[in-house]
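Enquirer: Give me a 3D structure for the following:
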Amino acid sequence: MVQVETSQLAAECNTWREALRNSRDEFTKHKHTLQQTAGHPLSKDQLQQVEHLQNQFHIQLINIHDLKHAIKAQCRAIEFEMKDAGQLKEETYAKHEDLFDQYQNLTATLQELRSEFNSFLTTA
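Expert: So this is what the prediction gives:
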């Protein structure tokens with residue numbers, strides 16, 4: 001039973017990391033698209049929106065990177081605890097739940113930014 005739980009936790013970690021890698025790739029492309037759009041004649045409001053989106057892409061790419069590495073460290077902790085003690089500490093379960101909350105929050109933020117960017121593209 002414990003082995004199933006730990007393999008499930010490790011699988012969740014891997015799923016989250018893969019989704020974050022995909023988001024990183026997507027937002028890196030969006031950043032390049034935004035740079036190309038900024039080369040066209042834009043109004044003052046549009047230029048302010050470009051600056052805002054550039055800042056948000058930069059911040060969210062950092063957030064993606066940091067969370068991806070925190071999740072990777074969690075996977076390693078799970079593996080280590082299972083090899084060393086044969087079971088997980090309560091703190092490890094709690095950290096996993098915390099990372100899941102962070103992942104959900106970041107995913108929601110990325111969705112909002114995605115929508116904001118798509119709205120900008122339709123008006124630019």
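
Enquirer: distance of Ala70 from Leu53?
Expert: Ala70 sits 25 Å away from Leu53, going by Cβ to Cβ, to the nearest Å. Every residue, glycine included, has its C-beta placed from N, CA and C.

Enquirer: Neighbour count for those two, which is higher?
Expert: Using other Cβ atoms under 10 Å, the more surrounded residue of Ala70 and Leu53 is Leu53, with 21 against 16.

Enquirer: The helix or strand that one falls within: what's the following helix or strand?
Expert: When elements are assigned from DSSP states H and E, Leu53 belongs to helix 44-84. Counting by DSSP H and E, the next helix or strand C-terminal to helix 44-84 is helix 90-123.

Enquirer: Specify the angle between the helix holding Leu53 and helix 90-123 in degrees.
Expert: Helix 44-84 runs at 160 degrees relative to helix 90-123, counting by axes from the mean of the first three to the mean of the last three Cα atoms, to 10 degrees.

Enquirer: Could I get the buried residue list for stretch 41-48?
Expert: Gln46 (16 or more other Cβ atoms under 10 Å).

Enquirer: Run the chain-centre distance for the helix holding Leu53.
Expert: Remark: helix 44-84 is offset 5 Å from the chain centroid, using Cα atoms, centre = their mean, to the nearest Å.

Enquirer: Which strands or helices does it pack on?
Expert: Other helices and strands packing on helix 44-84, by 3 or more Cβ pairs under 8 Å, 6 or more residues apart in numbering; DSSP states H and E, are helix 2-38, helix 90-123.

Enquirer: check contacts around the residue minimising distance to the centre of the chain.
Expert: Central residue of the chain (Cα atoms, centre = their mean): Ile64, 3.5 Å from the mean position. Residues near Ile64 by Cβ atoms under 8 Å, 6 or more residues apart in numbering: 20, 23-24, 27, 106, 110.

Enquirer: Nice, that's everything, thank you.
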